[in-house]
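Visitor: my questions are about this predicted structure, shown below with the sequence.
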Amino acid sequence: AQSVTQLDSQVPVFEEAPVELRCNYSSSVSVYLFWYVQYPNQGLQLLLKYLSGSTLVKGINGFEAEFNKSQTSFHLRKPSVHISDTAEYFCAVIPYSSASKIIFGSGTRLSIRP
Amino acid sequence: DAGVTQSPTHLIKTRGQQVTLRCSPKSGHDTVSWYQQALGQGPQFIFQYYEEEERQRGNFPDRFSGHQYPNYSSELNVNALLLGDSALYLCASSLLQRTTDTQYFGPGTRLTVL
C-alpha cells in the first residue's frame, strides 16, 4: 500500500519570501511523484512531476521540487512567492503498476501575506 | 480544445436519494477517473473507466457505480445518499496506456446531502 504525508496543513508566508512545502511518501513499490495545485473553487492543475532522471524537477509558475529517494521525500519550493500563489497544494504518487490511479496527500494551504 | 467538463456544478440532495454526475474528458483521452474530495482533505480515488469497463476501484461501497459511453464520457452514480457523501466530486481524464501522462481534472461537482 502507498501513503502520502504532507507535514504542514497550513503555511503562511509573506509575499516575495521563499517557501517550502513538505511531502513524504511510503510505498513498497516504485512510484511516480506529482504536485498539484487547487485554486479556490477550481479543479486540480499539475504543477510538476518526477518520473525518472534528474532529481530536481522544475514546474510551472516558478515552482520546483527535489526527489530524495533515501528520505522518501518530494518537497516543493519556490524562491519568491506572489499573492497569486495562494492555493491548496497536493502532493501525490502513482505506483508504477497502478495504471494512473493517483494517491493524494491531505493538502497544504499556502496563504500569502502582503 | 475543451478541457475536462463536468455537470452540474452544484447539486443539493437529501438522504436516501440517488444522484448522477457527468463528465466529458479532454479531447483525445480515453480514460476517465473519478475522485471524491471531502472538505479539507485530499481527493480519494473512487474508480477508473476505460473501454466502457471499470478497470480499477478504490475503497468505496457498491452504492457508488459508474458508466462510460462509446464517446468516452462518463457518469458517476451514487445511490442511497448519506450525509457523509457531501463532497466535491472530481473527474480526471488521461490515456490509459500512458501511466505517466498528465491527468487533466475538471472543475468538479459539489454535492451537498441534507
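Guide: Cool, the structure landed. Numbers count the residues shown, from 1 in each chain, chains lettered A, B, ... in the order given.
Visitor: for the rest of this, base every contact and every neighbour count on C-alpha atoms.
Guide: OK.
Visitor: contacting residues around stretch B:25-44?
Guide: A:90, A:101, A:103-107, B:1-5, B:45-51, B:58, B:72-74, B:76, B:86-96, B:104 (Cα atoms under 8 Å, 6 or more residues apart in numbering or on different chains).
Visitor: any weak-confidence spans in chain B?
Guide: B:1, B:97-99 (pLDDT under 70).
Visitor: re earlier: any of the contacts of stretch B:25-44 buried? List them.
Guide: Neighbour-count burial within these applies to A:90, A:101, A:103-107, B:4-5, B:45-50, B:72-74, B:76, B:86-96, B:104; the criterion is 16 or more other Cα atoms under 10 Å in any protein chain shown.
Visitor: in strands only, show me the residues you listed.
Guide: A:90, A:103-104, B:5, B:45-50, B:74, B:76, B:87-94, B:104 (DSSP state E).
Visitor: residue ranges with poor pLDDT in chain A?
Guide: Ranges of chain A meeting pLDDT under 70: A:98-100.
Visitor: contact residues of it facing chain B?
Guide: Residues of chain A lying near chain B by Cα under 8 Å from any Cα of the partner chain: A:32, A:41-46, A:51, A:90, A:96, A:98-107.
Visitor: taking those residues one by one, which sit in helices?
Guide: Among the residues of chain A next to chain B, no member falls in helices (DSSP state H).
Visitor: so the closest residue to residue A:8 other than its chain neighbours bridges to which residues?
Guide: In this structure, residue A:8 finds its nearest non-sequential neighbour in residue A:108, 5.9 Å apart by Cα to Cα, 6 or more residues apart in numbering or on different chains. Beta-bridge partners for residue A:108, by DSSP bridges, are residue A:89.
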